[in-house]
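Undergrad: Curious how this folds, go ahead:
(chains A and B)
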Amino acid sequence: MSEDEPHRPDPRARGLWMVAAALTWGAIGAVPGALLLLAGDGGPAILAIGLVLGIAAGAAFGHALWARRAWVLGATALELRHGVIVRRSAWIPYYRIQQIDVERGPIERMAGLAQLVVRTAAATTDGTIYGLAPVDAAFIRQRLLDLAGVDDAV
Amino acid sequence: MTPSEPPPLPPPAMSPLWPRLPPPPPRPPTVPIDQAQRTSIRTLTLELIGLAGLGTSLIISVLAGVGSDVLQLWLALAAVAFRIASWRFRTYTVTDGELVLDEGILQKRHRVVPFSRIQQVELRQQLIARVLGLTVVQVETAGDASSTAVVLRFLEVDKAEALRDHLLVQQRRARGGADLAPAVGPGGAWRAPAPPAMPLLHLEPAQLLGAGATSGTVVGAGVVIGVGAAIGVVATAASEGTPPLLAFAQWSGLTGALVGITTAIVSVSTLVRSWEFTLVAVGDDLHVGFGLLDRRQHTIPRHRLQHVTVVDNPLRRALGIARVHLHSGATPGARDGQSSRIEIPVIRMAHLNELLTRAMADERWAIPVLAPRPTSARRRAVVRRTIPCATLAAIGAVLWWPLGAALLPVALLGIPWGLLAHARAGWSVDGPILAFSSGALVHHTELIPRERVQSSRTTASVFQRRAHLRSLHIDLAGGRQHRLHVASGLMDLDAGDAHHAAVAVGGAPR
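TA: Numbering: from 1, shown residues only, chains lettered A, B, ... in the order given. As a prediction, the model looks like this:
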């Protein structure tokens, strides 16, 4: 893993996020058709169209989420970028790192993914790297610990 | 460890900013090391007062023939016994490197606070404690939870001050201030050396009354009352056919009385809250004392100060005064939202840079020259404020049509509001002190030492991207509860400038 070069999340994360977003958006897209059906005013066609459009838009959004998320192990700071509608970037100096957590929820475990949470003394720091392969998460954690140094950093 | 005296600080270059000096802090008694200490036995006086109250209510109920609930009596006695036992089992110990708190009768609790983690030490005296000569000692550490504070309730005042001084000296030593090695006192106890005290600020009652009279509450209430009176004048003149001059005379008396009462209440409460406000630099710590009924003494080590906020309003700007907040990294506790913030109720703007320089013992502390935002931010400033104003006006107009049509001009308020806010917004990230200013009527200026920045962020919404703008955010140490106090920055900067600033501030080597 080289320095100063943007890294994407694991390809498996792309699939997971596309499925998750497609399910959510598909459910939202199905709402108008379902309401029409309940009202007894026809609507199977509208339900189907809404479902398909929602799933397609969700899949596209899930892909965009993946494509927009990147992290860079810079010379002095960890840089994170993400966001489709609101683009966010964050810079966390290595010497400010207080704590590094690797978290794996049940779905992430099933998908073979992990997230790495970098914490500083500020609660507002935006320091979560989503969608990492567990091996990469462990590697980055060690790299960050090496870079973080030994100061108390407050 | 060889005992050595700390090098004396150079004398202040100028006379104090305000003529009257606060009394010098008394020489503290020694703090016993490695000996478990209980909180003051006088704490139990409070239990005795509670018992006396219980007895009185018992006698009254017997005399009144109501009879007494025996179970209730036993429960109350058991509660008092439990609290006395809790006091007996609660001890604190100052060791070589930590403050240790032990408590609990059955379930023991053992807390260790390393000196290096201490953010702030506060002494707090409520009225009843002042009568008994006691004070609460609250030791704050950095972190997100309200459980991060160690509270010792109650200590004798002299012991508490000695403990505070000791903790602060040890905290600096733990961070590598080797020149601050404490002297060894009699009996092998550490004695905190008393560093020279430099008085910085003392507020007279008249100044505090002035601070209250010019506070945002008074100005806001004045505007509301004035608008209400204007409507009253028009309505009276229109409905009853009273001559406008007479209507004006009738209403102005009422208005004057209301404004006067508001001003008096706020001024007196400011006076009581901030009575005898003193700011003293003792060695490397800032001590602030204030309060008439509840007397408080806050202490922030200089190097724990995270940022400074200067707040004013139109009236204060006209008078050239402002309010200043000093923030440490400690998380405001659940009980007391003020504990991580020291408020200087009033200061002359002309004295501000000098006060900051002297309080921080650092020549770099001054408000830097602020750069304006790009002109493309002006349109967004106006649009962002016009939309909610127009929505409100439209809703009001529809609800109360046709009278509601009078509300339609409210939609235009967003224009001057946005223009004022844009004209005021400014930033500087080039120097050692980062600065951001914002606000249309109430102006805020945030000052952040560059070395206190924890991380930096930029965000760009769809609309901001269209105008090639970005927002810059600076994260500072502290909890999330008071989010506004731990993140600072400015909206709608030029995208390239914001990016470079974020990289320069958040990505710079130590």
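Undergrad: rest of the way, CA atoms for contacts and neighbours
TA: Noted.
Undergrad: Helices of chain A, start to end?
TA: A:11-38, A:44-68, A:106-111, A:134-148 (DSSP state H).
Undergrad: Of these, which is nearest chain B?
TA: helix A:134-148 (11.1 Å; Cα to the nearest Cα).
Undergrad: Name the residues that touch the closest one?
TA: Helix A:134-148 is contacted from outside by A:94-97, A:100, A:102, A:112-116, using Cα atoms under 8 Å, 6 or more residues apart in numbering or on different chains.
Undergrad: number of nearby residues for B:Leu399?
TA: Using other Cα atoms under 10 Å in any protein chain shown, B:Leu399 has 12 neighbouring residues.
Undergrad: ok, so what distance separates it from chain A?
TA: Distance, B:Leu399 to chain A, using Cα to the nearest Cα, to the nearest Å: 30 Å.
Undergrad: what do you get for B:Leu46?
TA: As for B:Leu46, its distance to chain A is 38 Å (criterion: Cα to the nearest Cα).
Undergrad: how far away is that residue from B:Gln138?
TA: 19 Å (Cα to Cα, to the nearest Å).
Undergrad: Neighbour count for those two, which is higher?
TA: B:Gln138 (20 against 13).
Undergrad: Look up the closest residue to the more buried one, ignoring the ones flanking it.
TA: B:Val151 (4.5 Å; Cα to Cα, 6 or more residues apart in numbering or on different chains).
Undergrad: Can you measure across stretch A:69-85, start residue to end residue?
TA: End-to-end distance of stretch A:69-85 (Cα to Cα): 12 Å.
Undergrad: Same question for stretch A:91-103.
TA: 21 Å.
Undergrad: With stretch B:396-403 instead?
TA: Start-to-end, stretch B:396-403 (Cα to Cα) is 9 Å.
Undergrad: pretty sure the residue nearest to B:Gln138 belongs to a helix, no?
TA: No: according to DSSP: H, G, I helix; E, B strand; the rest coil, B:Val151 belongs to no helix; its state is strand.
Undergrad: Run a quick neighbour tally on it.
TA: By other Cα under 10 Å, the residues close to B:Val151 number 16.
Undergrad: cool, B:Thr93 as well?
TA: 19.
Undergrad: give the contact list for the residue positioned nearest the centre of chain A.
TA: What sits nearest the mean C-alpha location of chain A, by Cα atoms, centre = their mean, is A:Tyr130, with 4.4 Å. Counting by Cα under 8 Å, 6+ apart, A:Tyr130 touches A:9, A:114-116.
Undergrad: Model confidence for the residue nearest to B:Gln138, exactly?
TA: With respect to pLDDT, B:Val151 scores 85.
Undergrad: what do you get for B:Asp336?
TA: Value listed for B:Asp336 in the pLDDT field: 42.
Undergrad: do the same with B:Pro374
TA: pLDDT recorded at B:Pro374 is 93.
Undergrad: For it, which residues are in contact?
TA: Counting by Cα under 8 Å, 6+ apart, B:Pro374 makes contact with B:493-494.
Undergrad: Shouldn't it be within a strand?
TA: No: using three-state DSSP, the assignment for B:Pro374 is coil, not a strand.
Undergrad: can you confirm B:Arg364 is in a strand?
TA: No: using three-state DSSP, the assignment for B:Arg364 is coil, not a strand.
Undergrad: Quick check: the gap between it and B:Leu447.
TA: B:Arg364 is 12 Å from B:Leu447, by Cα to Cα.
Undergrad: What parts of chain A come near chain B?
TA: Remark: the part of chain A in contact with chain B comprises A:76-78, A:85-93, A:95-96, A:120-126, A:154, using Cα under 8 Å from any Cα of the partner chain.
Undergrad: Could you list the low-confidence segments of the chain?
TA: With no chain named, the answer covers chain A. A:1-3, A:150-154 (pLDDT under 70).
Undergrad: ah, no, chain B please
TA: Looking at chain B by pLDDT under 70, you get B:1-29, B:66-68, B:142-148, B:176-195, B:329-340, B:479-487, B:510.
Undergrad: Which stretches in it count as helices?
TA: Under DSSP H, chain B gives helices at B:43-63, B:70-89, B:127-132, B:157-174, B:205-213, B:216-240, B:244-273, B:314-319, B:349-360, B:376-399, B:414-424, B:462-466, B:483-486, B:495-506.
Undergrad: closest to B:Ala281 out of the ones you listed?
TA: helix B:349-360 (6.4 Å; Cα to Cα).
Undergrad: and that closest one, what does it pack onto?
TA: Applying 3 or more Cα pairs under 8 Å, 6 or more residues apart in numbering or on different chains; DSSP states H and E, one finds that helix B:349-360 contacts strand B:197-202.
Undergrad: what helices or strands is the strand it packs on leaning on?
TA: Strand B:197-202 is packed against strand B:278-282, helix B:349-360, with contacts defined by 3+ Cα pairs under 8 Å, 6+ apart.
Undergrad: Mean neighbour count and distance to B:Leu419 added to these, as a markdown table?
TA: Output for those, formatted as a markdown table (neighbours: other Cα atoms under 10 Å in any protein chain shown; distance: least, Cα to Cα, whole Å):
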| stretch | mean neighbour count | distance to B:Leu419 |
| --- | --- | --- |
| strand B:278-282 | 23 | 37 |
| helix B:349-360 | 17 | 24 |
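Undergrad: among these, which is nearest B:Pro244?
TA: Among the helices and strands packed on strand B:197-202, the nearest to B:Pro244 by Cα to Cα is helix B:349-360 (41.8 Å).
Undergrad: Other residues contacting that closest one?
TA: Contacts of helix B:349-360 (Cα under 8 Å, 6+ apart): B:17, B:200, B:281, B:286, B:302, B:320-322, B:363-367.
Undergrad: go on, stretch A:68-83?
TA: So stretch A:68-83 is in contact with A:3-9, A:65, A:84, A:87-94, A:127, A:129, B:506-509, going by Cα under 8 Å, 6+ apart.
Undergrad: if I look at the residue nearest to the centre of chain A, how far off is chain B?
TA: In terms of Cα to the nearest Cα, A:Tyr130 sits 17 Å off from chain B.
Undergrad: Report the separation between that residue and A:Gly33.
TA: 34 Å.
Undergrad: what's the distance between stretch B:342-360 and the middle of its chain?
TA: 15 Å (Cα atoms, centre = their mean, to the nearest Å).
Undergrad: Go ahead and produce CSV holding the CA coordinates of it.
TA: The C-alpha coordinates for stretch B:342-360 follow below in CSV (Å, rounded to 0.1, in the frame of the first residue of the first chain):
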residue,chain,number,x,y,z
ILE,B,342,-14.7,30.9,31.5
GLU,B,343,-16.7,34.0,30.7
ILE,B,344,-15.2,37.5,31.0
PRO,B,345,-18.5,39.5,31.2
VAL,B,346,-17.1,42.7,29.7
ILE,B,347,-13.8,44.0,28.3
ARG,B,348,-13.0,47.1,26.3
MET,B,349,-12.2,46.0,22.7
ALA,B,350,-9.2,48.4,22.8
HIS,B,351,-7.7,46.3,25.6
LEU,B,352,-8.5,42.9,24.1
ASN,B,353,-5.3,42.2,22.3
GLU,B,354,-3.2,43.4,25.3
LEU,B,355,-5.3,41.3,27.7
LEU,B,356,-4.9,38.1,25.5
THR,B,357,-1.2,38.7,25.0
ARG,B,358,-0.7,39.1,28.8
ALA,B,359,-3.1,36.3,29.8
MET,B,360,-1.4,33.8,27.5
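Undergrad: In strands, which of the residues of chain A next to chain B fall?
TA: Using DSSP state E, the subset of the residues of chain A next to chain B located in strands is A:77-78, A:87-93.
Undergrad: Could you give me the PyMOL selection string for whichever of those residues are buried?
TA: Selection of buried members from these for PyMOL, criterion 16 or more other Cα atoms under 10 Å in any protein chain shown:
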select buried, chain A and resi 77+78+87+88+89+90+91+92+93
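Undergrad: And the furthest pair within the ones in strands among the residues of chain A next to chain B?
TA: It's A:Arg87 and A:Pro93 that sit farthest apart of these, by Cα to Cα, at 20.2 Å.
Undergrad: how near is the residue nearest the centre of chain B to A:Ala45?
TA: Residue closest to the average C-alpha location in chain B (Cα atoms, centre = their mean): B:Arg341, at 2.7 Å. Plainly put, B:Arg341 is 61 Å away from A:Ala45 if you go by Cα to Cα.
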